[in-house]
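S.K.: sequence first, predicted model second:
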Amino acid sequence: MEPLLGVKIGCLFALLALTLLCGLIPICFKWFKIDAATGHHRRLLSLLGCISAGVFLGAGLMHMTAEALEGIESEIQRFMEKNRTESKGKPEDLDSAHVEYPYGELIISLGFFLIFLLESVVLQCCPGTTEESTVQEEEWGGAHVLQLHSHGSLPSPSQGPLRALVLLLSLSFHSVFEGLAVGLQPTVASTVQLCLAVLAHKGLVVFGVGLRLVRIGTQSRWAIFSILLLALMSPLGLAVGLAVAQGDAKGGRGLAQAVLEGVAAGTFLYVTFLEILPRELAGSEIPLAKWGCVAAGFAFMAFIALWA
């Protein structure tokens, strides 16, 4: 047990150090500030942002959504098996009642609409932001936010910090569950394998978060504080997993965790499709290069999903 405990503690510090390093790089170096960039430097930063957008897209679809659907389905199957053993009636009715309906997709959609509602309430209570967005649309010829590869209007300044907060919260949920999964592993080999898979994609994702905070103009001290909080999430989950692993490891993945993962996946998809991708693909400059960078970021995350 002691070697396994040592490996898990090492994984805890590795997750903390990598998250801090990758998240603080774009915040601490002025080279990544696109407002001060011109010419080739600006185009390079734009392509780098497109790569991070592809990474976010891959993380949302290939990791967060996939893990949420798997967790929810496993909990439903466990519930069905429990009822099947307790009920002497017709197990076929239980199968048709719980398998045919897409509960996982419903929970993810609820996460999407939860953030949609939150943002709508903010805009309703702060009508000045709506007027500002309307003025932007008039100045840019009435183009819409989701019209990609055009000079369309971007989300208003008030929406940027809100969506950045949503992004941080959803990633925090996901990071806690990633750390929990590492902490629940029963062997040294499985712990190292899962930790390496998490490290492989977490570095790029957190780098993208830091870059996103810089792009929306977040003050340095708040950006650093946000990355620090995000960095603590995986070690927190791993520590909880270590505590749970002393008993039944399977008890750590319950219905509450599966539902929270689904909600986090839905919120992540909302921010990815309505804030990150429109911002990175806005503008008609080098569209094929931008597409290639987004595809490259997504392909990397899809490749990592083979081991995650």
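M.R.: Everything's here; your move.

S.K.: tell me the pLDDT at the residue most central in space within the chain?
M.R.: By C-alpha atoms, centre = their mean, the chain has its centre lying nearest to L171, at 4.4 Å. With respect to pLDDT, L171 scores 78.

S.K.: wait, it sits on K202?
M.R.: No: counting by C-beta atoms under 8 Å, L171 sits too far from K202 to count as a contact (9.4 Å). C-beta coordinates here come from the backbone N, C-alpha and C atoms, glycine included.

S.K.: tell me where the chain is predicted with low confidence.
M.R.: 1, 34-37, 86-99, 126-163, 245-254, 307-308 (pLDDT under 70).

S.K.: all helices for it, in order.
M.R.: Remark: helices assigned in the chain by DSSP state H are 2-28, 39-58, 66-86, 91-99, 103-125, 127-139, 159-183, 188-215, 220-245, 255-271, 277-281, 287-304.

S.K.: before we move on, back to that, the residue nearest to the centre of the chain: what's it in contact with?
M.R.: Applying C-beta atoms under 8 Å, 6 or more residues apart in numbering to L171 gives the contacts 205-206, 209, 230, 233, 264, 268.

S.K.: so which of the residues you listed wins on neighbours?
M.R.: F268 (31 neighbours; other C-beta atoms under 10 Å).

S.K.: show me what contacts it?
M.R.: 56, 59-60, 64, 167, 170-171, 174.

S.K.: what about these, which one has the most neighbours?
M.R.: Neighbour-wise, those (other C-beta under 10 Å) top out at F56, 30 neighbours.

S.K.: what is the neighbour count of L69?
M.R.: 20.

S.K.: any idea how far the closest residue to it other than its chain neighbours lies from L306?
M.R.: Computed as C-beta to C-beta, 6 or more residues apart in numbering, the closest residue to L69 that is not its neighbour in sequence is G104, at 4.1 Å. From G104 across to L306, the span is 21 Å (C-beta to C-beta, to the nearest Å).

S.K.: neighbour-wise, which of those two wins?
M.R.: For G104 versus L306, neighbours defined as other C-beta under 10 Å are more numerous around G104 (22 against 8).

S.K.: so the more buried one sits right up against S74, yeah?
M.R.: No: applying C-beta under 8 Å, one finds G104 not in contact with S74, separated by 10.1 Å.

S.K.: hang on, the earlier thing: check contacts around the residue nearest to L69.
M.R.: Here G104 is in contact with 68-69, 72-73, 262 (C-beta under 8 Å, 6+ apart).

S.K.: most widely separated two among those residues?
M.R.: Spatially, the most separated pair among these is E73 and G262, at 10.7 Å (C-beta to C-beta).

S.K.: just want to know which of these two has more residues nearby.
M.R.: A side-by-side neighbour count of E73 and G262, using other C-beta under 10 Å, places G262 first with 26 against 16.

S.K.: what's near enough to touch the more buried one?
M.R.: G262 is in contact with 68-69, 71-72, 104, 107-108, 110-111, counting by C-beta under 8 Å, 6+ apart.

S.K.: please repeat the previous calculation with a cut-off of 10 Å.
M.R.: Going by C-beta atoms under 10 Å, 6 or more residues apart in numbering, G262 touches 64-65, 67-69, 71-72, 103-111.

S.K.: mind giving me the PyMOL command for buried ones among those residues?
M.R.: Of those, the buried ones go into a single PyMOL selection, burial set by 16 or more other C-beta atoms under 10 Å:
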select buried, resi 64+65+67+68+69+71+72+103+104+107+108+109+111
